[in-house]
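S.K.: need coordinates for the following:
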Amino acid sequence: MRYRTRVTAPAALIGTAAVLAAAPAVHALPATGAPAGPGPETLGDPVYPALGNDGYRVHAYHLDLSYDPATGLVEASATLRIRTTAALTRFSLDALGLDIRSISVGGRAAVFEQAGEKLRITPAGRLRAGTRTTVCVTYTADPRRALPHTGWVSTPDGFAVCAQPESAHTVFPCNDHPSDKADFTFRITVPAGLRGVANGLLTGVETLADGRVAHSYASRSPMATELVQITVGDYVVRERQGPHGLPLRDVVPAARAAALEPALALTPGQITWLEARLGAFPFETYGLLPCNSDDPSAFDFTGLETQTLTLYKPNFLLQPERSIGSHMMHELVHSWFGNLVSPATWADLWLNEGHADFYGLLYRYEKGWPDSLGLTTLEARMRDTYARGDQWRRDSGPVAAPNAVNLFDDQRYLGGVLVLFALRELIGEDTFRAVETTFLDRFRNSCASTEDYIAVASEVSGQDLSGFLRDWLYGTRTPRMPGHPDWTVVPPAAGAAPRRPRDTHRHGDNSATL
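M.R.: Residues are numbered from 1 along each chain as shown. Reported below is the predicted structural model:
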């Protein structure tokens, strides 16, 4: 479902809205300059071609949200610091389900309209290429609003956010693509008795004249829009120390804090285990957010790696360690693969999910916990996965060639693990670890593609692995497994491949760590 093109403010108000906070003036393009035009409304993502916008890059977001429990509405403003990469007469943000009240560019009121999931903005003057300016958008959001897709999780006492992969722009107007990472600061105003929390570290708490409380946060590292977390509710914050003095904070429903403590206490040991393999934890803090909702349809996944604060279904974390530890590791791995290094396009999702399952399964087997198939070693699980390889390639496409329907299928998870296992079998454990850490160091706080990973693997191993890895990642048939000539692939079953409805597995619980 798409909304028809519509202007979102009365004609008399467009272009005359009140100016927001002072900002640097926009520089108009001289008549003798390069031709200016509308910025492209796509970044050409192969999975979600409508996501993202070109002609500029976002350097920072400041999100100011005020929650009213009486109405359930959020009054908000989003302030974006951008730099144009082309001369522009108009540019666009991604936005859906937001009631836009006003927009200014460089401190001057701008004309705007909403067309489908795009918010088109025409500044008062044309923008030169290389212009740095500020875009301020004020709007109202309803976390309970029915939309074709949403990043809101409505709870009895507030809300949380689950934006992956394409729904951050239902929470705030943005350039909603992981390749355009930016700095984030937040201000969340709530009634006394509730708590507002976001990514990063708490930078201030202010009690307002009317008794409401404003909590401010800042992320020290750039972040993809899909990794934003903002939550409001009856929460307590539990703090503890991780390895090397790393501050850990968990945001826990007040009524369940004691019951959830055994799960929360596992995090320091898990970080220590992973640091020995991937290097120091890459962010300023980490913790878990068991969302204050028992509604089974609140969100369609068990955990989501929002940066520095992983979102979970609370009842999952009430289970014994052997039932949750492997998946907790899966989500923790995303701090490195997915958050520190984000996918250049959504076709590169296997880099996130394949690595998260790879280390999550290694952790499980080291702990001596059988997996869901009753297997107890990574080699045994990979032999089983290898046998399914051609079937999965037929049903879900090659590992690195998904579409929007099958993006979160097993092929991106266990299929990705199989690629990493094959690479490790070919080049050896020590070289494989060097590939992993080199890749993370080289693309730290940025994004990387499948081709980037192939290039690093070839460089570090000292051999051209492009043909080997492309066969594993893009081939329609499963290649031979190095070192295991006896492994066989079961021929695909006859008939059409089944397809599930997209919205029922948008995030998918296809992780083998569950």
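S.K.: if I pick the nearest residue to residue 167 once chain neighbours are set aside, what's in contact with it?
M.R.: Distance criterion Cβ to Cβ, 6 or more residues apart in numbering; nearest residue to residue 167, sequence neighbours excluded, is residue 151 at 3.6 Å. Quick note: C-beta positions are derived from backbone N, CA and C, even for glycine. Applying Cβ atoms under 8 Å, 6 or more residues apart in numbering to residue 151 gives the contacts 161, 162, 163, 167, 168, 169, 170, 171.
S.K.: tell me which two in those are the farthest apart.
M.R.: Across the contacts of residue 151, no pair lies farther apart than 162 and 169, at 13.4 Å, counting by Cβ to Cβ.
S.K.: so between the two, which is more surrounded?
M.R.: residue 169 (27 against 24; other Cβ atoms under 10 Å).
S.K.: surely that one and residue 100 touch.
M.R.: No - using Cβ atoms under 8 Å as the test, residue 169 is too far from residue 100 to be in contact (12.0 Å).
S.K.: quick one: which helix or strand includes residue 469?
M.R.: helix 466-474 (DSSP states H and E).
S.K.: and that helix, what's buried?
M.R.: Across helix 466-474, burial judged by 16 or more other Cβ atoms under 10 Å covers 468, 469, 470, 471, 472, 473.
S.K.: now stretch 43-60
M.R.: Buried, per 16+ other Cβ under 10 Å, within stretch 43-60: 43, 45, 47, 48, 50, 51, 52, 53, 54, 55, 56, 58.
S.K.: which parts of the one helix or strand residue 390 maps to are buried?
M.R.: According to DSSP H and E, residue 390 maps onto helix 389-396. Within helix 389-396, the residues scored as buried using 16+ other Cβ under 10 Å are 389, 390, 391, 392, 393, 395, 396.
S.K.: and what of stretch 229-238?
M.R.: 229, 230, 231, 232, 233, 235, 238.
S.K.: what's the end-to-end length of it?
M.R.: End-to-end distance of stretch 229-238: 17 Å, with Cα to Cα, to the nearest Å as the criterion.
S.K.: ok, stretch 325-341 next?
M.R.: 23 Å.
S.K.: how far does that stretch sit from the chain's center?
M.R.: Centroid separation for stretch 325-341 versus its chain: 12 Å, with Cα atoms, centre = their mean, to the nearest Å.
S.K.: now residue 161: closest residue in space that isn't a chain neighbour?
M.R.: residue 230 is the one closest to residue 161 (Cβ to Cβ, 6+ apart), at 5.0 Å.
S.K.: again with residue 290
M.R.: residue 314 (3.7 Å).
S.K.: ok, the one you found - contacts?
M.R.: Contacts of residue 314 (Cβ under 8 Å, 6+ apart): 253, 256, 260, 290, 291, 292, 293, 294.
S.K.: got phi/psi on residue 183?
M.R.: phi -80, psi 150 (degrees, to the nearest 10).
S.K.: circling back to that earlier point, and which of the buried residues of stretch 43-60 is nearest to residue 212?
M.R.: residue 58 (28.9 Å).
S.K.: where's that closest one, which helix or strand?
M.R.: Take DSSP H and E as the rule and residue 58 turns out to sit in strand 56-68.
S.K.: may I have that strand as PDB, with CA atoms only?
M.R.: The C-alpha trace of strand 56-68 is given here as PDB (Å, rounded to 0.1, in the frame of the first residue of the first chain):
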ATOM      1  CA  TYR A  56      23.600  15.000   0.100                       C
ATOM      2  CA  ARG A  57      24.900  13.100   3.100                       C
ATOM      3  CA  VAL A  58      23.800  13.400   6.700                       C
ATOM      4  CA  HIS A  59      26.500  14.200   9.300                       C
ATOM      5  CA  ALA A  60      24.300  14.300  12.400                       C
ATOM      6  CA  TYR A  61      20.800  13.900  13.700                       C
ATOM      7  CA  HIS A  62      19.300  15.400  16.800                       C
ATOM      8  CA  LEU A  63      16.000  13.800  17.700                       C
ATOM      9  CA  ASP A  64      13.800  15.600  20.300                       C
ATOM     10  CA  LEU A  65      10.700  13.500  21.300                       C
ATOM     11  CA  SER A  66       8.000  14.300  23.900                       C
ATOM     12  CA  TYR A  67       5.700  11.500  24.900                       C
ATOM     13  CA  ASP A  68       2.100  12.100  26.200                       C
END
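S.K.: low-confidence stretches in the stretch 1-150 of the chain?
M.R.: Within the stretch 1-150 of the chain, the set of residues satisfying pLDDT under 70 comprises 1-34.
S.K.: residue ranges of the strands in it, please?
M.R.: Under the criterion DSSP state E, counting those that start in this stretch, the stretch 1-150 of the chain contains strands at 37-38, 56-68, 73-84, 88-94, 99-105, 108-109, 111-115, 118-122, 132-141.
S.K.: mind putting the ones you listed into JSON lines with distance to residue 209?
M.R.: Formatted as JSON lines, the strands of the stretch 1-150 of the chain follow (distance: least, Cβ to Cβ, whole Å):
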{"stretch": "strand 37-38", "distance to residue 209": "44"}
{"stretch": "strand 56-68", "distance to residue 209": "14"}
{"stretch": "strand 73-84", "distance to residue 209": "17"}
{"stretch": "strand 88-94", "distance to residue 209": "33"}
{"stretch": "strand 99-105", "distance to residue 209": "23"}
{"stretch": "strand 108-109", "distance to residue 209": "29"}
{"stretch": "strand 111-115", "distance to residue 209": "32"}
{"stretch": "strand 118-122", "distance to residue 209": "33"}
{"stretch": "strand 132-141", "distance to residue 209": "21"}
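S.K.: residue 195 reaches residue 249, doesn't it?
M.R.: No - in this structure, residue 195 is not within contact of residue 249 by Cβ under 8 Å, at 11.7 Å.
S.K.: quick check: neighbours shared by those two?
M.R.: residue 237.
S.K.: picking that back up, and the buried residues of helix 466-474, which is closest to residue 177?
M.R.: Nearest member of those to residue 177, counting by Cβ to Cβ, is residue 473, at 21.5 Å.
S.K.: how about the closest one, nearest residue that isn't a chain neighbour?
M.R.: residue 400 is the one closest to residue 473 (Cβ to Cβ, 6+ apart), at 4.0 Å.
S.K.: then residue 219?
M.R.: residue 200 (3.6 Å).
S.K.: also residue 149?
M.R.: residue 167 (5.1 Å).
S.K.: where do the strands sit along the stretch 351-500 of the chain?
M.R.: 446-448.
S.K.: could you list the low-pLDDT ranges of it?
M.R.: Scanning the stretch 351-500 of the chain for pLDDT under 70 picks out 495-500.
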